[in-house]
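J.: Below are the sequence and a predicted model for it; my questions follow.
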Amino acid sequence: MKNGFGNSKERLSSLNPRAKPLKRPTQARAIFTVDAIYEAFVRIWQRDGWSRLTTREVALQAGVAIGTLYDYFPSKEALLSGYIRHRLDILLHDLDESVVQAIDQDWPTRIKRLIRLTCDPDDQRQPLFNHAVLLIEHQIAEAKHHRRVFDELTQKWREAFAACDDLPVQPSPATIDGWVIMAWGGRRYCVTAQPAAAQTAAWLSEMETMICSRLTSAQ
């Protein structure tokens, strides 16, 4: 069915068929190799930009054979897709370790850390979550990929709130889902609109104030 954005086939036609990584590393040596590839990928992107980045140059900078790189990434789009997934996995791990599993934290500290880790568009640990990536996101991501990220984030946020054993009243799952949409959607819009640093800081502060105030008023 057609709508304002065209039909589903038209929307998927822009997705590069070679944009998917072929496999994920599992052994220690393979993980080390792929991490070196990612580091070279980020370094070259930041230096030369997307249009001048090549898989051959990434392999050279990473110190691996081009065939080894192609074992994992058949194109630079696949490399970008793999890197984004890699960084999302790290974000989810950080949320689990620093928020869900953290001990001796009162609920305001835990929730503020949850918001900051999820929202901050200038987080240096996410060096390619930027405007340039959003411009070519359609080449590597389908709707199901965005849905997966949303499901993973909402699950981690629910776990974070459940870990707040000093919170008298737990927010409903629907409320938490709404906050994730505001947090992650706001982060993506900050990356797109590129507001001034003071405006981004004000938004982050408002997110913290709004959610903490809601939790306090529910007591």
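T.: Nice, thanks for sending it over. Residues are numbered from 1 along each chain as shown.
J.: hang on, isn't Arg116 packed against Leu204?
T.: Yes - if you go by CB atoms under 8 Å, Arg116 and Leu204 touch, sitting 6.8 Å apart. All C-beta spots, glycine's among them, are computed from the backbone N, C-alpha and C.
J.: Those two: which has the busier surroundings?
T.: Leu204 (21 against 16; other CB atoms under 10 Å).
J.: Chain neighbours aside, what residue packs nearest to that one?
T.: Cys119 (5.7 Å; CB to CB, 6 or more residues apart in numbering).
J.: quick one: contacts for that neighbour?
T.: The contact partners of Cys119, by CB atoms under 8 Å, 6 or more residues apart in numbering, come to Ala183, Trp184, Gly186, Arg187, Trp203, Leu204, Met207.
J.: quick check: domain ranges of the chain?
T.: 17-74, 78-219 (automatic domain parsing).
J.: can you tell me the helix or strand for the most centrally placed residue in the chain?
T.: Note on the chain: the residue nearest the mean C-alpha position is Leu88, at 4.2 Å, using CA atoms, centre = their mean. Per DSSP states H and E, Leu88 falls inside helix 76-95.
J.: right, and the helix or strand after that helix?
T.: helix 107-119.
J.: what's the average pLDDT for that next one?
T.: What helix 107-119 shows for mean pLDDT is 94.
J.: try stretch 21-29
T.: Averaged across stretch 21-29, the pLDDT comes to 90.
J.: Name the residues of that stretch that come out as buried.
T.: Pro21, Pro25 (16 or more other CB atoms under 10 Å).
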